[in-house]
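[1] kindly generate the corresponding structure for this input.
(chains A and B)
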Amino acid sequence: MDRIPILKMGEFLLVTIQVDMHDQLALQLQEDLTQRISDESAAGVLIDISSLDVVDSFIGRMIANISAMAQVLDAQTVVTGMRPAVAITLVELGMSLEGVHTALNVERGMTLLRQKVAAPGG
Amino acid sequence: MVERSGYSGVFRTPGFGAVAATITQVDGLPVRRSEDIVRMRQVVRERAIGLGFGLVDQTKIITAASELARNALVYGGGGDVEIAQLAAGMRKGLRLTFVDQGPGIDDIQQALKDGFTSGSGLGLGLGGARRLASEFALESQPGSGTRATIIRWR
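    Numbering: from 1, shown residues only, chains lettered A, B, ... in the order given. Okay, the predicted model is just below:
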């Protein structure tokens, strides 16, 4: 089965989703990432979705789930690179991804992640 | 749009199917596995680009299609999608029709409400697809299946 690679960068985990995921692949990523956060005692997770031209409610829910699960495991999550058309569509769909931290690009995302880890809950 | 009897529950957005359009091309695809949804999204994107849809319109119809395909798969036990390219004078549109032979929907109005789900989903699929489309219809016969149709005009 295909898997989305998860890279370790210091105390952070980095995921760039570059394929149009089918549902099982998305569920697998959710499971793999949660396991890796625990195994590596990761302080933060950055998920870059700049290659995704569609985020439907299933993928949106996976992103929200990962963020919530990471939170429970004492890790911060930042989602980066959402395309404007995807943002417009997600909100119209009824998903505003409340509670999910976002940044425009990976660079800003890493900065945000470092801030979040330095001052959790902020 | 061919009117078909056999669906006891029907919801249509006002003016659904009112535009006299000719069908210029039709594709049929199965929706039986989650990989089929990925394939369908690709075909819908290609057709939307071919019709000159802008980026936001492409994204909206692909997302709506993804929601309805997942419904057909998860709640309808799998089905088929028809992708029809429409022309009405200078207007171009895409009409997607999802048909399954699943258990059907008992209460269409309830099913369209955000947050309502008979399964484990978020309950945004039908309402979301309706908002993302120009025209939307949902027809269902408890015990024999559901047909969901969306049209997005360029």
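
[2] how about the helices of chain A, start to end?
    Here chain A has its helices, by DSSP state H, at A:23-40, A:57-72, A:84-93, A:106-118.

[3] want to throw those helices into CSV with distance to residue A:13 and mean pLDDT?
    The way it works is simple: take the backbone N, C-alpha and C, and place the C-beta from them, glycine included. Shown next, in CSV, are these (distance: least, C-beta to C-beta, whole Å; pLDDT from 0 to 100):
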stretch, distance to residue A:13, mean pLDDT
helix A:23-40, 6, 95
helix A:57-72, 9, 95
helix A:84-93, 22, 95
helix A:106-118, 10, 95
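
[4] among the ones you listed, which comes closest to residue B:16?
    Comparing the helices of chain A by their distance to residue B:16 (C-beta to C-beta), the top pick is helix A:84-93, with 19.0 Å.

[5] contact residues of chain B facing chain A?
    Near chain A, the residues belonging to chain B are B:34-35, B:37-38, B:41-42, B:45, B:55-56, B:58-60, B:62-63, B:66-67, B:70, B:114, B:121-122, B:124-125, B:127-128, B:131-132 when assessed by C-beta under 8 Å from any C-beta of the partner chain.

[6] buried ones in the longest helix seen in chain B?
    Criterion DSSP H: the longest helix present in chain B is helix B:55-74. Within helix B:55-74, the residues that count as buried by 16 or more other C-beta atoms under 10 Å in any protein chain shown are B:57-74.

[7] which other helices and strands contact it?
    helix A:57-72, helix A:84-93, strand B:22-31, helix B:34-50, strand B:79-88, strand B:91-100, helix B:125-132, strand B:145-153 (3 or more C-beta pairs under 8 Å, 6 or more residues apart in numbering or on different chains; DSSP states H and E).

[8] save the ones you listed as JSON lines, and put in mean neighbour count and distance to residue A:15 too.
    Below are the helices and strands packed on helix B:55-74 laid out as JSON lines (neighbours: other C-beta atoms under 10 Å in any protein chain shown; distance: least, C-beta to C-beta, whole Å):
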{"stretch": "helix A:57-72", "mean neighbour count": "19", "distance to residue A:15": "9"}
{"stretch": "helix A:84-93", "mean neighbour count": "19", "distance to residue A:15": "17"}
{"stretch": "strand B:22-31", "mean neighbour count": "13", "distance to residue A:15": "28"}
{"stretch": "helix B:34-50", "mean neighbour count": "18", "distance to residue A:15": "19"}
{"stretch": "strand B:79-88", "mean neighbour count": "19", "distance to residue A:15": "30"}
{"stretch": "strand B:91-100", "mean neighbour count": "22", "distance to residue A:15": "31"}
{"stretch": "helix B:125-132", "mean neighbour count": "24", "distance to residue A:15": "25"}
{"stretch": "strand B:145-153", "mean neighbour count": "24", "distance to residue A:15": "31"}
